[in-house]
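S.K.: Sharing a sequence plus its predicted fold:
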Amino acid sequence: MAWPPEARPMTRGRILRTFLADPRSRAWLLFLRFGLGYGVFAVLVLVGTWSGAALVMATIAGVAFNFQTSRRLVFRSSGRTLRFIAVYVVVLILNWAALRTLRRYGLSDLESQALLTLPIAAMSFLGQRTFVFSPTNGPA
């Protein structure tokens, strides 16, 4: 005898699918991913890593982790790996330029990057949505 859909036991996969079906949950995942990126940057800077190197390392960690999560959980579509990396390279260059500019105004690396995290996340999201995961891009 089959379970009616509303009475099926909640498996881990079903809980995750239910959570991800809610657009607010996907927004939370985006926030978490970029918050973790700032965390990696902050830890590296606090242990004495040059801010440019910390930014590059945090970006590389983000690229390694984010393609699969963006493809499967956020956009739920196929995407192109080279375009994904290209968006990250452009965002990294813009982030680095903005970080240096804010430092000229007397802000620390941590303060500057904290201010930049949200705009950088928005640029990355828009770039990914437009150039990587748009329906017109075809299969990966």
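M.R.: That came in fine, so what should we check first?
S.K.: okay, now residue 54: neighbour count?
M.R.: 22 (other CB atoms under 10 Å). In short, each C-beta sits where N, CA and C put it, glycine included.
S.K.: for it, phi and psi?
M.R.: phi -60, psi -40 (degrees, to the nearest 10).
S.K.: per-residue pLDDT, the residue nearest to it when sequence neighbours are not counted?
M.R.: Leaving aside its chain neighbours, residue 54 sits nearest to residue 44 (3.6 Å; criterion: CB to CB, 6 or more residues apart in numbering). With respect to pLDDT, residue 44 scores 94.
S.K.: and if you look at the one 5 residues further on?
M.R.: pLDDT, residue 49: 94.
S.K.: which residues touch it?
M.R.: Listed by CB atoms under 8 Å, 6 or more residues apart in numbering, the contact partners of residue 49 are residue 57.
S.K.: how much space between residue 58 and residue 80?
M.R.: According to CB to CB, to the nearest Å, residue 58 and residue 80 sit 23 Å apart.
S.K.: neighbour count winner among those two?
M.R.: residue 58 (24 against 17).
S.K.: residues touching that one, list them.
M.R.: Neighbour list for residue 58: 37, 38, 40, 41, 44 [criterion: CB under 8 Å, 6+ apart].
S.K.: Kindly provide the distance from the second one to residue 112.
M.R.: The reference is to residue 38. Counting by CB to CB, the separation of residue 38 from residue 112 is 11 Å.
S.K.: low-scoring pLDDT stretches of this protein, where are they?
M.R.: Within the chain, the ranges that satisfy pLDDT under 70 run 1-34, 67-79, 135-140.
S.K.: how about 80 then?
M.R.: 1-37, 62-81, 132-140 (pLDDT under 80).
S.K.: I'd guessed residue 42 sits against residue 110; true?
M.R.: Yes: using CB atoms under 8 Å, residue 42 is in contact with residue 110, at 5.7 Å.
S.K.: and residue 49, which of the three is it?
M.R.: coil (DSSP: H, G, I helix; E, B strand; the rest coil).
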